[in-house]
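1. pasting the structure only:
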């Protein structure tokens, strides 16, 4: 049975909130009614924060992390080891690894992993810009920190092949994260240790 709303404005707000991932219509209705109970200033600040996020956020021209300026705070930090680059799938993994406090290098955000089932190929990822960073000569080691799934392993192998002609060490995080887990959901201690105990990547790494 379709929900009837006393106001078209309320229904429109519910429809928009329900379009968010993981938000059903009942939750969307609770959120909309919560907004109505708050003062107008709260709602205006909430809306302004979302508009500013979408309009003003930038992507680092070096690593593709989100930032407020042209270069993110990690890449702009001279105390970070710029010869050590950790390759991750998305921004959430950067945040997860930073929370461990165990990594002092920099990052490269691919924007996904190779997944033919989802129509995502190598050309849809930021692999070419990674190759360009390595070609510049400053990078000495690439740490592959992608999810331990078939798609993650496929992406690791593709990057390994693309960088095989360069003088750069390629390593992979230790398998402390369970098979199939995503990096962002690993606990900080396990994730930190998996980076510290990384091993050199080879063609059998995905099967070890």
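-> That came in fine, so what should we check first? As the structure is a prediction and not an experimental result, all values here were calculated from the model.
2. this structure - how does it break down into domains?
-> For the chain, automatic domain parsing gives the domain ranges 8-56, 77-207.
3. quick check: longest strand of this structure.
-> Longest strand of the chain, by residue count under DSSP state E: strand 81-88.
4. for the next helix or strand after it, what is the distance to the chain centroid?
-> Per DSSP states H and E, the first helix or strand lying C-terminal to strand 81-88 is helix 91-100. The chain centroid and the centroid of helix 91-100 are separated by 8 Å, computed with CA atoms, centre = their mean, to the nearest Å.
5. and if you look at stretch 130-141?
-> Here stretch 130-141 is found 21 Å from its chain centre; the criterion is CA atoms, centre = their mean.
6. next, the distance between the ends of that stretch.
-> Terminal residues of stretch 130-141 lie 12 Å apart, using CA to CA, to the nearest Å.
7. so which bits of it are buried?
-> 130, 133, 134, 139, 141 (16 or more other CB atoms under 10 Å). Every residue, glycine included, has its C-beta placed from N, CA and C.
8. now do the helix or strand where the first one lies: which elements does it pack against?
-> To tie it back to what came earlier, the one meant is residue 130. Secondary structure from DSSP H and E places residue 130 in helix 127-135. Helices and strands touching helix 127-135, as assessed by 3 or more CB pairs under 8 Å, 6 or more residues apart in numbering; DSSP states H and E, comprise strand 81-88, strand 105-109, helix 150-162.
9. wait, doesn't residue 138 sit right on residue 83?
-> Yes. Using CB atoms under 8 Å, residue 138 makes contact with residue 83 at a distance of 5.9 Å.
10. quick check: neighbours shared by the two?
-> Shared contacts of residue 138 and residue 83, defined by CB atoms under 8 Å, 6 or more residues apart in numbering, are absent.
11. ok, and the closest non-adjacent residue to the residue nearest the centre of the chain?
-> In the chain, the centroid-proximal residue (CA atoms, centre = their mean) is residue 90; its distance is 1.7 Å. Once flanking residues are discounted, residue 90 sits nearest to residue 109: 6.3 Å by CB to CB, 6 or more residues apart in numbering.
12. okay, the one you found: pLDDT?
-> Each residue has a pLDDT score; the one for residue 109 is 98.
13. beta partners for it?
-> Bridge pairing for residue 109 (DSSP bridges) gives the partners residue 88.
14. so it makes contact with residue 85?
-> No. Using CB under 8 Å, residue 109 is not in contact with residue 85, being 10.8 Å away.
15. neighbouring contacts of the longest helix along the chain?
-> In the chain, with assignment by DSSP state H, the single longest helix is helix 40-56. Helix 40-56 is contacted by residues 35, 68 when judged by CB under 8 Å, 6+ apart.
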